[in-house]
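>>> Next comes the sequence, and after it the predicted model I'd like to discuss.
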Amino acid sequence: MDFEGKVAVVTGGASGIGFALAEQAAKRGMTVVLADVEQAALEDARKRLAESGARVEAVRTDVSQPEQIEALADQAFALGPVGLLCNNAGVNVTVTRSFWQYSRGDWDWLLGVNLWGVIHGVRTFLPRMMEQSNRSHILNTSSSAGLMAGPALAIYKVTKHGVLSLSETLYHDLASAKANVGVSVFCPDVVKTGLRDSGRNRPAALQDEEPHSPDEAAAEEALRAATGLAPSEAAGIAFEGIEAGRLYLYTDPGALEFARSRVADLEAGIPQPNTTLRADIIPKRDPAP
Ligand SMILES: NC(=O)c1ccc[n+]([C@@H]2O[C@H](COP(=O)([O-])OP(=O)(O)OC[C@H]3O[C@@H](n4cnc5c(N)ncnc54)[C@H](O)[C@@H]3O)[C@@H](O)[C@H]2O)c1
């Protein structure tokens, strides 16, 4: 992939993995468009990147709103050919709850940002990218949670399995059409970012989360303190994978254990004991209602 001189659009670009992807794009001579819902962080990120000598613009965007993605695309294509679209923005809610404890607001928020955000991004940018004469690329951020079948993370896993699946389909459809656009799906394991404080961007209309129990609060604190990869390392791995032409990108090949364990369940027809994998994030199971 020759990214030099093209435009890179990064959603969720004000923080964490998104900002690090933007830095990688800038290093390759791309003009970067940072898109994020958090205005102050977005402006701060724009300044930091500009200070490093990058050409950068910031466009406040809520990825769950298709008309805002349309406006983002108009601004990005006005700067030049879009060589890279990173559909990266994502959020999470309390990870320790059982399926039935999540509220409708939890579902609407996560599906809106994590899944619809990616769908809107692809639907809006792809037709224009396909018309360009130069090759371009789409990077969708899923998660190692997109490979997991097991307890906990109900909504997050639905969204991340969705992002993985849509990226796989897109890959094959683009290849069949001999399109000049490639796609990769990024499945990072734990990265040290602001994801555990996603609530900072939760819209008022969807604020119906139950207060956290002391157990939940303790589990979340433990996750915040958990060691994880630096965002810059994660983004470096993602770019290496894109440049090597890979569809599936991982920060930790150990994440494949989740997929293997799932296949073992599928073959057996029933979850096997190893699907308690990651059950350690649940300090205490709640009784069924
Ligand atoms: N951190 C991890 O351990 C980890 C692991 C696997 C996957 N991921 C995924 O990586 C991606 C980036 O998250 P991160 O870990 O860097 O977290 P982060 O909170 O540091 O960054 C997420 C960014 O998305 C922005 N955002 C939130 N809602 C938005 C919206 N509606 N529209 C536009 N932007 C919005 C936030 O303001 C923030 O800048 C997410 O998709 C996340 O699910 C993270």
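Great, that's in hand.
>>> sec struct for the nearest residue to F239 once chain neighbours are set aside, please.
Once flanking residues are discounted, F239 sits nearest to Q24: 4.7 Å by CB to CB, 6 or more residues apart in numbering. No exception for glycine: its C-beta is placed from N, CA and C like everyone else's. Taking DSSP: H, G, I helix; E, B strand; the rest coil as the rule, one finds Q24 in the helix state.
>>> Q24 - how many residues pack around it?
The local packing of Q24 (other CB atoms under 10 Å) involves 23 other residues.
>>> cool, and the one 4 residues further on?
The number of residues packed around R28, counting by other CB under 10 Å, is 17.
>>> show me what contacts the residue nearest to F239?
By CB atoms under 8 Å, 6 or more residues apart in numbering, the contact set of Q24 is 235-236, 238-239.
>>> go on, F3?
Residues in contact with F3, defined by CB under 8 Å, 6+ apart, are 25, 28-30, 83-84.
>>> mind listing what the closest residue to L249 other than its chain neighbours touches?
Leaving out its chain neighbours, the residue that sits closest to L249 by CB to CB, 6+ apart is G241, at 3.7 Å. By CB under 8 Å, 6+ apart, the contact set of G241 is 184, 186, 248-249.
>>> Which of the residues you listed fall within strands?
184, 186, 248-249 (DSSP state E).
>>> Stretch 133-147 close to the ligand?
Yes. Judged by CB under 6 Å from any ligand atom, stretch 133-147 comes into contact with the ligand through 141, 143.
>>> Just the buried positions in that stretch, please.
Along stretch 133-147, these residues count as buried under the neighbour rule (16 or more other CB atoms under 10 Å): 136-147.
>>> In CSV: these, plus secondary structure and pLDDT.
Putting the buried residues of stretch 133-147 into CSV (DSSP: H, G, I helix; E, B strand; the rest coil; pLDDT from 0 to 100) gives the following:
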residue, secondary structure, pLDDT
S136, strand, 98
H137, strand, 98
I138, strand, 99
L139, strand, 99
N140, strand, 99
T141, strand, 98
S142, coil, 98
S143, coil, 97
S144, helix, 95
A145, helix, 94
G146, helix, 96
L147, helix, 95
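>>> what's across from the most centrally placed residue in the chain in the sheet?
Centroid-nearest residue in the chain: T141, 3.2 Å away (criterion: CA atoms, centre = their mean). Here T141 sits in beta bridges with F186, going by DSSP bridges.
>>> pretty sure it contacts L85?
No. Counting by CB atoms under 8 Å, T141 sits too far from L85 to count as a contact (11.4 Å).
>>> could you list every residue that touches G112?
S64.
>>> ok, so what distance separates it from M1?
Counting by CB to CB, to the nearest Å, the gap from G112 to M1 is 30 Å.
>>> related to what we said a few turns ago, next one: the residue nearest to L249, what pLDDT does it get?
What the model reports for G241 is a pLDDT of 98.
>>> secondary structure class for it?
helix.
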